[in-house]
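1. Generate a structure from the sequence data that follows.
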Amino acid sequence: MKLSDVLIKPILSEKANKQAEKMNRYSFVVDKKANKLEIKKAVESFYGVQVDNVNTIVVPSKAKARYTKAGFIVGRKPSKKKAIVTVAEGETIDLYGSSI
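-> Residues are numbered from 1 along each chain as shown. Purely as a prediction, here's the structure:
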(Lines give C-alpha, C1' and ligand atoms only; values in the text may rest on other atoms or scores of the structure.)
Protein backbone atom coordinates (compact mmCIF):
# COMPACT_ATOMS: atom_id res chain seq x y z
CA MET A 1 0.00 0.00 0.00
CA LYS A 2 1.29 3.47 -0.90
CA LEU A 3 1.93 5.85 1.99
CA SER A 4 -0.27 8.51 0.38
CA ASP A 5 -3.25 6.13 0.59
CA VAL A 6 -2.81 5.30 4.29
CA LEU A 7 -3.86 8.58 5.92
CA ILE A 8 -7.32 9.78 4.87
CA LYS A 9 -7.84 12.82 7.14
CA PRO A 10 -7.04 14.09 10.63
CA ILE A 11 -9.76 14.09 13.29
CA LEU A 12 -10.38 17.62 14.55
CA SER A 13 -12.60 17.44 17.62
CA GLU A 14 -12.45 18.77 21.17
CA LYS A 15 -11.26 15.46 22.55
CA ALA A 16 -8.57 15.11 19.87
CA ASN A 17 -7.37 18.68 20.52
CA LYS A 18 -7.09 18.05 24.27
CA GLN A 19 -5.07 14.88 23.66
CA ALA A 20 -2.80 16.75 21.24
CA GLU A 21 -2.12 19.51 23.76
CA LYS A 22 -1.67 17.39 26.88
CA MET A 23 -0.33 14.02 25.69
CA ASN A 24 1.12 14.63 22.18
CA ARG A 25 -1.49 12.29 20.65
CA TYR A 26 -2.98 12.97 17.24
CA SER A 27 -5.96 11.16 15.71
CA PHE A 28 -6.40 10.24 12.05
CA VAL A 29 -8.94 8.38 9.94
CA VAL A 30 -6.90 5.77 8.07
CA ASP A 31 -7.46 3.14 5.40
CA LYS A 32 -9.06 -0.01 6.80
CA LYS A 33 -6.32 -2.22 5.34
CA ALA A 34 -3.44 -0.20 6.83
CA ASN A 35 -1.45 -1.70 9.68
CA LYS A 36 0.38 0.08 12.49
CA LEU A 37 3.78 0.04 10.75
CA GLU A 38 2.37 1.64 7.60
CA ILE A 39 0.57 4.28 9.67
CA LYS A 40 3.79 5.08 11.54
CA LYS A 41 5.78 5.44 8.30
CA ALA A 42 3.10 7.63 6.72
CA VAL A 43 2.90 10.05 9.68
CA GLU A 44 6.68 10.27 9.97
CA SER A 45 7.13 10.98 6.25
CA PHE A 46 4.25 13.48 5.84
CA TYR A 47 4.66 15.46 9.06
CA GLY A 48 8.39 14.99 9.78
CA VAL A 49 8.00 13.85 13.39
CA GLN A 50 9.24 10.86 15.39
CA VAL A 51 6.34 8.50 16.24
CA ASP A 52 6.50 6.66 19.58
CA ASN A 53 3.27 4.66 19.57
CA VAL A 54 0.30 3.85 17.30
CA ASN A 55 -3.08 2.61 18.55
CA THR A 56 -5.83 1.62 16.11
CA ILE A 57 -9.61 1.38 16.48
CA VAL A 58 -12.14 -0.03 14.02
CA VAL A 59 -15.41 1.86 14.43
CA PRO A 60 -18.37 -0.26 13.26
CA SER A 61 -21.00 1.00 10.85
CA LYS A 62 -24.14 2.63 12.23
CA ALA A 63 -27.76 2.44 11.14
CA LYS A 64 -29.28 5.81 10.29
CA ALA A 65 -32.95 6.59 9.71
CA ARG A 66 -34.84 9.80 9.04
CA TYR A 67 -38.32 10.82 8.12
CA THR A 68 -38.60 12.98 4.98
CA LYS A 69 -41.30 14.17 2.63
CA ALA A 70 -40.63 11.11 0.47
CA GLY A 71 -41.13 8.79 3.45
CA PHE A 72 -39.03 6.95 5.97
CA ILE A 73 -35.44 6.49 4.70
CA VAL A 74 -33.21 3.87 6.31
CA GLY A 75 -29.52 3.50 5.55
CA ARG A 76 -26.10 2.81 7.04
CA LYS A 77 -23.05 4.94 7.66
CA PRO A 78 -19.84 3.15 6.62
CA SER A 79 -17.41 1.72 9.15
CA LYS A 80 -13.99 3.35 9.48
CA LYS A 81 -10.63 2.83 11.10
CA LYS A 82 -9.03 5.41 13.40
CA ALA A 83 -5.41 5.67 14.46
CA ILE A 84 -4.21 7.50 17.57
CA VAL A 85 -0.56 8.39 17.07
CA THR A 86 1.71 9.42 19.96
CA VAL A 87 4.65 11.55 18.82
CA ALA A 88 7.98 12.02 20.63
CA GLU A 89 8.31 14.48 23.50
CA GLY A 90 8.76 18.06 22.31
CA GLU A 91 7.47 17.47 18.76
CA THR A 92 4.14 18.67 17.40
CA ILE A 93 2.04 18.32 14.25
CA ASP A 94 0.47 21.48 12.85
CA LEU A 95 -2.92 20.20 11.64
CA TYR A 96 -4.42 23.67 11.11
CA GLY A 97 -1.63 24.98 8.87
CA SER A 98 -1.08 28.17 10.86
CA SER A 99 2.48 29.36 10.36
CA ILE A 100 2.99 31.72 13.29
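2. per-residue confidence averaged over the longest helix seen in the chain?
-> With secondary structure taken from DSSP state H, the chain has its longest helix at helix 36-47. Confidence for helix 36-47, expressed as mean pLDDT, is 94.
3. Identify each buried residue in it, please.
-> For helix 36-47, burial by neighbour count (16 or more other C-beta atoms under 10 Å) applies to 38-40, 42-43, 47. Glycine gets a C-beta too; all of them are placed from N, C-alpha and C.
4. where do the strands sit along this structure?
-> 7-10, 25-30, 51-59, 62-68, 71-77, 80-87 (DSSP state E).
5. Pairing partners for the shortest one, with directions?
-> Strand 7-10 has the following strand partners under DSSP bridges: strand 25-30 (antiparallel).
6. buried ones in the partner strand?
-> Under the neighbour-count rule (16+ other C-beta under 10 Å), strand 25-30 has 25-28, 30 buried.
7. Stretch 5-24 too?
-> Burial within stretch 5-24, assessed by neighbour count using 16+ other C-beta under 10 Å, is assigned to 6-7, 10-11, 16, 19-20, 24.
8. for that stretch, the distance to its chain's centre please.
-> With C-alpha atoms, centre = their mean, to the nearest Å as the basis, stretch 5-24 stands 7 Å off its chain's centre.
9. Pick out whichever of the buried residues of stretch 5-24 sits closest to residue 56.
-> Closest to residue 56 out of the buried residues of stretch 5-24 is residue 6 (11.6 Å), distances taken as C-beta to C-beta.
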